[in-house]
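A.B. asks: Curious how this folds, go ahead:
(one chain, ligands or ions: 1)
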Amino acid sequence: GAAELGPYRHYMQKEIFEQPRAIGDTLEGVAGIVPELFDGIGQDGATGASAHRVFKDIDKILILACGTSYYSGCTAKYWLESIAKISTQVEIASEYRYRDSVPDPKTLVVTISQSGETADTLAALKHARELGMAQTLTICNVATSAMVRECKLAYITRAGVEIGVASTKAFTTQLAGLFLLTLAIAQSKGRLSEADEARYLKEMRHLPVALQSVLALEPQIIGWAEDFARKDNALFLGRGLHYPIALEGALKLKEVTYIHAEAYAAGELKHGPLALVTSEMPVVAVAPNDTLLEKLKSNLQEVRARGGVLYVLADGDTKIKGSEGLHVIRMPEHYGALSPLLHVVPLQLLAYHTACARGTDVDKPRNLAKSVTVE
Ligand code: G6P
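C.D. replies: Residues are numbered from 1 along each chain as shown. The predicted structure follows:
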């Protein structure tokens, strides 16, 4: 009802603005990196499985999820391989459950789900178990869900109830949980120095304040949304950690505005999508650092030559300036490894405000459901 919405027009907007609180709650009580954060939830108050024992033993991670949760998994792969030095594979649950794969019992199967009830993710988990992978962990927003019951280990995100069909605060809290998981695995394997632990904890504790300053970019994003509302197509580019964020940005735009949006790894621009660029195709570039910007400059000429317009979400420490056909929003800071959590927020706001300008049903987009409990 209107009372619950407070000053917001829709749940999606309210949930975007709740992210500093949601991340704060998710990280509350995290005094240090301990694998116990992921211990199993035992039935009837009994102690569950020990995460430390599991983490020490595994040499691979297999992440299974759908939709937005799949993109948080894609982001975590970069962290897990670079910080915890553990080989990580991320699969769309509906693909994994039906394909032949090569199982390895020393794999930790990680499911990610807001609802904990997504049919394909649950089936993919069972499939992995049937293949002999007994070590299972879930990052989930609902403590009483089937997913939490089915997995040995669990981490409950504290996004709170998410009502908007397009996931926002669940995504960023999943990222926070996955970052903690990365550190906990690194620690169990003796790959996390005390200095790095202290630095990462400090960066995580800064997240609520950092998110608040990113939310303050809303007026600039509304300016971009006015342009996007008149388009039928959009292209999102990202690299590294921000490639999954570009994918998530494109998904958000599709879901709530019905604008056809695609995301590409920036280096692939020349290998196909450049052919689509016209004055009717806005191109969003996520978080380019200065090296990527150097590369983007030549792409930019090509995009400009075709009348395309670039919307660059520049990292806090880049020097890029706006010009004709090049719109820049500079992030307030440089965020290091946690950068994806911050850069997704302007993209959520872009989708939200573009939807408002187009007058779509933001919280209940056509043909979509909050939780897909049937195949
Ligand atoms: C649906 C929702 C998405 C969500 C996906 C996976 O498609 O509309 O927002 O990302 O399901 O849901 P889950 O609850 O497993 O994260």
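A.B. asks: so who does I63 touch?
C.D. replies: 73, 76-77, 88-91, 110-112 (CB atoms under 8 Å, 6 or more residues apart in numbering). The way it works is simple: take the backbone N, C-alpha and C, and place the C-beta from them, glycine included.
A.B. asks: helix, strand or coil for I139?
C.D. replies: strand (DSSP: H, G, I helix; E, B strand; the rest coil).
A.B. asks: For G238, give its distance to L292.
C.D. replies: Using CB to CB, to the nearest Å, we find G238 at a distance of 9 Å from L292.
A.B. asks: pLDDT score assigned to the closest residue to Y78 other than its chain neighbours?
C.D. replies: Closest residue in space to Y78, ignoring its immediate chain neighbours: L241 at 4.7 Å, by CB to CB, 6 or more residues apart in numbering. Here the pLDDT value assigned to L241 is 93.
A.B. asks: Wasn't L241 part of a strand?
C.D. replies: No: with three-state DSSP as the criterion, L241 is located in helix rather than a strand.
A.B. asks: which ones are touching it?
C.D. replies: Listed by CB under 8 Å, 6+ apart, the contact set of L241 reads 75, 78-79, 337, 339-340.
A.B. asks: between these, which is closest to V372?
C.D. replies: Of all the contacts of L241, V372 sits closest to T75, with 21.3 Å by CB to CB.
A.B. asks: Please enumerate residues in contact with the one helix or strand that closest one maps to?
C.D. replies: Under the criterion DSSP states H and E, the helix or strand holding T75 is helix 67-82. Outside helix 67-82, the residues that touch it by CB under 8 Å, 6+ apart are 61, 63-65, 86-90, 92-93, 110, 112-114, 118, 121, 139, 166-167, 170-171, 174-175, 178-179, 181-182, 185, 240-241, 243-245, 247-248, 251, 337, 340.
A.B. asks: tell me which parts of the stretch 1-150 of the chain are close to the ligand?
C.D. replies: 66-69, 113-115, 118, 121 (CB under 6 Å from any ligand atom).
A.B. asks: Next, find the distance separating the residue positioned nearest the centre of the chain from E194.
C.D. replies: The centroid of the chain falls nearest to S72 when counting by CA atoms, centre = their mean (3.6 Å). Here the criterion is CB to CB. By it, S72 lies 28 Å from E194.
A.B. asks: Let's verify G177: helix, strand, or coil?
C.D. replies: For G177, the secondary-structure state derived from three-state DSSP is helix.
A.B. asks: Thought I23 was touching it, still the case?
C.D. replies: No: with contacts counted by CB atoms under 8 Å, G177 stays clear of I23, the gap being 10.1 Å.
A.B. asks: Helices of the stretch 151-300 of the chain, start to end?
C.D. replies: 169-188, 194-205, 207-215, 218-228, 243-257, 290-305 (DSSP state H, counting those that start in this stretch).
A.B. asks: that older thread, intersection of neighbour lists for G238 and L292?
C.D. replies: In contact with both G238 and L292: A266, using CB under 8 Å, 6+ apart.
A.B. asks: The two - which one has more neighbours?
C.D. replies: More crowded of G238 and L292, by other CB atoms under 10 Å: G238, with 28 against 23.
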